[in-house]
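[1] give me a model of this one.
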Amino acid sequence: MRFVLASSSPSRLQILRSAGVEPVIDPAGVDEDAIIATLDRRGAAPGDVVQALARAKAEEVAQRWPADVVLGGDSMLLIEGTLQGKPKTVEATIERWQHQQGKVGELLSGHHLVTPSGTQTFLSTTKVWFAQANDADIRAYATTGEPLQCAGAFTLEAIGGWFIDRIEGDPSSVIGLSLPGLRKALYSLGFEVSEFWNRSLV
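    Just a heads-up that it's a prediction; the model follows:
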């Protein structure tokens, strides 16, 4: 049985590889903006939004891998009541950081697991304390390109780590996906984590 990651995220891949899993990479092609717009009209809670995105990605990819385990994920930053996804441009990243520096946000990470024995959706919430960064460093960080495709316009494990004062919660979730949550979901569906480790580890 293969472990399929319905994402092209380098951070999610890094976490799984570091944890002994070499997944099949099969990114989903769902219209995230359309899903978010529909849920906004319905007044969905922030956690429900990221879980719905994760579910849509996993379910699309799972159609191609019916005999395997498929994980979909999505992360967004909740700050002052507003959900924020990827900034995508340098200028948008600078604006985000000018607003969020010195504040506390919550990184919401939705996960959806599709397996032959059932499905499981779960949410990981981690508090993030953003540093007071000066304008020169904010611009320099944005122009590295690193935060452009990251939820909340930051990374914890790379250059962005300079500007995160602390977190409260699951570090792996902030980087890309929650290993503790994934372990619990696999157990609940009758799997062992070690089933998916590289053969050289077992």
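
[2] from V193, how far out is F3?
    10 Å (C-beta to C-beta, to the nearest Å). In short, each C-beta sits where N, CA and C put it, glycine included.

[3] same deal with A92?
    When distance is defined by C-beta to C-beta, A92 is 38 Å away from V193.

[4] and for T121?
    From T121 across to V193, the span is 19 Å (C-beta to C-beta).

[5] ok, the two, which is more surrounded?
    Using other C-beta atoms under 10 Å as the criterion, T121 and V193 rank with T121 on top: 17 against 14.

[6] which strands or helices does the helix or strand encompassing the more buried one pack on?
    Using DSSP states H and E, T121 falls within strand 118-130. Here strand 118-130 touches helix 46-62, strand 104-115, strand 164-168, helix 171-175, helix 179-188, going by 3 or more C-beta pairs under 8 Å, 6 or more residues apart in numbering; DSSP states H and E.

[7] what does the longest one contact?
    This means helix 46-62. Residues outside helix 46-62 that contact it (C-beta atoms under 8 Å, 6 or more residues apart in numbering): 4, 6-7, 26-30, 32, 35-36, 39-40, 44, 70-76, 78, 83, 108-114, 119, 121-123, 125.

[8] phi and psi next, for I79.
    Note on I79: its backbone torsions stand at phi -140, psi 130 [degrees, to the nearest 10].
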